[in-house]
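Novice: Next input, structure requested:
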Amino acid sequence: MDEAIKRRLLALARQSVEGEVQGAAVPPIEPDWPELVHAGAFVTLRANRQLRGCIGTFSPRGALPQTIREMACEACHDPRFVTCPVRWDELPDLRIEISVLSPLERTHDPCSLKIGWHGIYIRRGHQIGCFLPQVAIEMRWDVETFLSQCCSGKAGLPSYAWQDRDTEVYLFTTEGFCEGEFGG
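Specialist: Okay, here's the model as predicted:
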């Protein structure tokens, strides 16, 4: 994806977040977008380096711009921050990151994942958890800790569940970019 498209997606996410937080209309999707292949996306919001929201989907209902707009709005209401949602006075300090996802690929060798390259999606029954690739780097986790934390902290499973045959482990990659990355 070229820089111009990334800038447009970030601008769309910014307009969506601002509209959502201020109770205004979210921007319409312009019809001149090129076709952008994706298998979902996440929008992450940080204020002063602190996480304020991160919402995404592996099952997009539309084109990438529509997915970004929806996830940006939903990130403002991340359930982890239900008692302190993003406020209008945070908007100037808010930094938006977008992660465009590759398709999920099931692995039978979870330890083959590469820290910083692969994200993980773990599912057993109705219990699901996922981490974007950068989480392992930010937390300084090794492969087994990354898998264990996703099981216990996200999916509500025992930490060792990733080793169980009944647990499905999927890997994915992202094309990530954020505000401020391109200068100007």
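
Novice: what about L51, how many neighbours?
Specialist: 13 (other CB atoms under 10 Å). Bear in mind the C-beta positions are built from the backbone N, C-alpha and C, glycine included.

Novice: Repeat that for the one 3 residues further on.
Specialist: One way to gauge burial is a neighbour count; for C54, by other CB under 10 Å, it gives 20.

Novice: cool, R87 as well?
Specialist: R87 has 12 neighbours, counted by other CB under 10 Å.

Novice: Which residue, neighbours along the chain excluded, lies closest to it?
Specialist: Distance criterion CB to CB, 6 or more residues apart in numbering; nearest residue to R87, sequence neighbours excluded, is V21 at 6.9 Å.

Novice: Touching, the one you found and L91? I think so.
Specialist: Yes: if you go by CB atoms under 8 Å, V21 and L91 touch, sitting 6.3 Å apart.

Novice: Ramachandran angles for the closest residue to W33 other than its chain neighbours?
Specialist: Once flanking residues are discounted, W33 sits nearest to P65: 5.2 Å by CB to CB, 6+ apart. Dihedral pair for P65: phi -60, psi -40, per degrees, to the nearest 10.

Novice: give me phi/psi at L94?
Specialist: Per-residue torsions, L94: phi -80, psi 130 (degrees, to the nearest 10).

Novice: Now it. Nearest residue, chain neighbours left out?
Specialist: A47 (5.2 Å).

Novice: Can you read off the pLDDT for that neighbour?
Specialist: With respect to pLDDT, A47 scores 94.

Novice: so what's it up against?
Specialist: 86, 90, 93-95 (CB atoms under 8 Å, 6 or more residues apart in numbering).

Novice: about what we covered before: how many residues are close by the residue nearest to R87?
Specialist: V21 - counted by other CB under 10 Å - has 20 other residues nearby.

Novice: Tell me where the longest helix sits in the protein.
Specialist: Counting residues, the longest helix found in the chain (DSSP state H) is helix 3-22.

Novice: which secondary structure elements does that one contact?
Specialist: helix 64-75, strand 94-101, strand 174-178 (3 or more CB pairs under 8 Å, 6 or more residues apart in numbering; DSSP states H and E).

Novice: distance of the residue nearest to L94 from H126?
Specialist: Distance, A47 to H126, by CB to CB, to the nearest Å: 32 Å.

Novice: same check, this time on G53
Specialist: 24 Å.

Novice: Of these two, which one has the most company?
Specialist: Taking other CB under 10 Å, G53 and H126 do not tie; G53 has more neighbours (24 against 7).
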